[in-house]
Every structure is written in C-alpha cells, then in structure tokens.
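> Make a model of this:
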Amino acid sequence: MRQMITLTINGKKYKAEEGQNLLQVALDNGIEIPHLCYHEKLTPYGGCRLCLVEVSNRKKTTMTTSCTYPAAQGIKVETDTPQVRKARQRVMEMILALAPDSPGIQRQAHDLGIVKPGFTVESDGCIRCGLCVRACGELVGLNTITFACKGAKRKVEPPYDEEAKSCIGCGTCVVICPTGCLKMKDLGEERRIDKWKRVMEMKKCTECSLPYIPQPQVEFIMDKALEKPPEDWFQKCPDCR
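Numbering: from 1, shown residues only. Predicted coordinates:
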C-alpha cells in the first residue's frame with residue numbers, strides 16, 4: 001500500500017496516496033479539472049493537455065498535465081490561475097477545430113469560454129486522445145488499433161490501415177470515444193465498424209432468432225475467459241436465457 005502524503009490544492013490541504021496522479025486526487029475531492037484523454041482504468045497519457053495545472057515544489061513552479069504528475073509531500077497545486085485558463089483555452093481551440101460537430105466537445109469548449117475555433121482543419125472528428133487505442137489494448141487486450149504517422153498527419157487506424165481482423169466488435173472503443181466519431185452499426189446479421197474496416201457476422205439466438213453478439217466476440221470469450229461459460233451459453237441471447 002502506498003504511503004499517504006499531504007498536498008495543497010487551491011490553498012486547501014488534502015490527503016492522497018503518494019504517486020497517485022494529481023487529476024485523480026482532485027476529482028476524488030470534488031475539484032473539477034477539464035480533461036478528455038484521461039480514464040481512471042487506463043494508463044495516463046497527457047495527450048489532450050486540457051488538465052493543465054500549476055505545480056509548485058519548493059521554489060520552482062511549473063505548468064504540467066495533472067493526469068501525469070504524481071502526488072508528492074508538500075507540493076502546492078493551482079487549478080484555475082489566469083495562466084492555466086489561458087493555456088486551456090488555446091488547447092481547446094485546437095481540439096474544437098478537430099471536432100467542431102461533437103456536442104461533448106462543444107460543451108467543454110463553452111465552459112472554457114470558446115464558442116468557435118479560430119481556424120479550421122480537415123478532420124474526421126478524431127482528436128487523437130488515444131482513449132480507444134489504450135482501451136482496446138489495456139481493457140480488451142487486443143491492440144487492434146494504433147497511432148500512425150506524426151505531427152499534423154497523426155491518426156488512429158488499424159495496422160497498415162487494413163481491415164482490423166483482430167477486432168471482436170465489442171464496442172469498447174465506440175463507448176469510450178469522447179467525440180462520438182466512432183460508429184458501430186448492427187445491420188441484421190452483420191456488425192460494422194467502418195473506421196476499422198471491419199465487418200463481423202452476428203450470432204443468432206436459437207430461441208428468438210435475433211442476432212445479438214458478434215461471432216468473433218463469442219470465440220474470444222470462450223478462448224480467453226478465466227472461468228469459461230458452458231458450451232451452450234451463447235446459444236440464447238440474454239433475454240431468452
């Protein structure tokens with residue numbers, strides 16, 4: 001178990017586990033810090049830069065991403081200084097330019113005082129936050145998608161931009177995407193995730209005859225589950241079961 005330490009956030013002292021990231025410490029204590037690429041079940045990435053804070057450690061003050069900065073004894077954290085707000089606004093202008101039609105991004109931008117970006121870029125709505133990449137690798141355990149290229153051309157895609165054949169159609173990437181740019185469609189006997197160029201056959205319930213789960217997902221569960229369900233478990237959908 002980690003050692004407990006005391007740190008100061010916005011002038012008030014709080015207890016935290018040593019090494020715990022500052023963003024989670026703040027959230028646990030009801031202090032809101034805007035963020036998009038962070039999820040408590042995933043490795044911190046620091047990609048969106050929205051969670052910037054000022055950290056003072058002895059005589060040195062730095063601006064840093066709170067999701068990647070470890071809590072330490074005696075440090076002082078400011079989450080809403082003029083410098084922090086200005087930096088977040090600049091970051092949000094870039095994010096909004098990448099996903100101008102996303103309601104979730106629009107709400108966060110409005111909260112930061114940004115109505116529209118100061119420039120336009122070609123984008124498919126992806127903000128390169130990496131949540132889908134990390135969720136597929138760390139939660140599902142498949143690493144179906146990855147980052148490709150660098151700089152302005154950086155994007156998320158299956159390896160070699162070909163069909164993501166290891167994708168099981170679980171939808172984790174779709175659910176966790178903060179902009180809604182990932183779409184999953186159930187079309188009768190098929191499930192499609194066009195972003196990953198993936199089309200999967202759906203397994204039908206033997207009772208009601210409705211397709212309800214991708215066949216690759218069934219095979220994945222039967223192969224990887226620590227406690228395997230009965231062989232006939234997927235013959236019926238949850239409602240009929």
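
> who's in contact with stretch 87-94?
Contacts of stretch 87-94 with the rest of the structure, by C-beta atoms under 8 Å, 6 or more residues apart in numbering, involve 34, 48-50, 52, 63, 108-109, 112-114, 117-119. Where C-beta positions appear, they are placed from N, C-alpha and C, glycine not excepted.

> The same query, at a cut-off of 7 Å, please.
34, 49, 50, 52, 63, 108, 109, 112, 113, 114, 117, 118 (C-beta atoms under 7 Å, 6 or more residues apart in numbering).

> Just to be sure, the first one is in a strand?
No. In this structure, residue 34 is coil, not part of a strand, as judged by DSSP: H, G, I helix; E, B strand; the rest coil.

> Narrow the contacts of stretch 87-94 to those that are buried.
Among those, those scoring as buried are 34, 49, 50, 52, 108, 109, 112, 114, 117 (criterion: 16 or more other C-beta atoms under 10 Å).

> quick one: which of these sit in strands?
residue 52 (DSSP state E).

> Could you take the buried ones among the contacts of stretch 87-94 and lay them out as TSV, with extra columns for pLDDT and distance to residue 196?
Output for those, formatted as TSV (pLDDT from 0 to 100; distance: C-beta to C-beta, whole Å):
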residue	pLDDT	distance to residue 196
34	97	29
49	95	26
50	97	26
52	98	32
108	95	26
109	96	28
112	95	32
114	95	31
117	85	28
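
> Can you add distance to residue 6 and give the buried ones among the contacts of stretch 87-94 back as TSV?
Output for the buried ones among the contacts of stretch 87-94, formatted as TSV (distance: C-beta to C-beta, whole Å):
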residue	distance to residue 6
34	25
49	27
50	26
52	23
108	31
109	35
112	30
114	35
117	40
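
> In helices only, show me the buried ones among the contacts of stretch 87-94.
Residues of those located in helices (DSSP state H): 108, 109.
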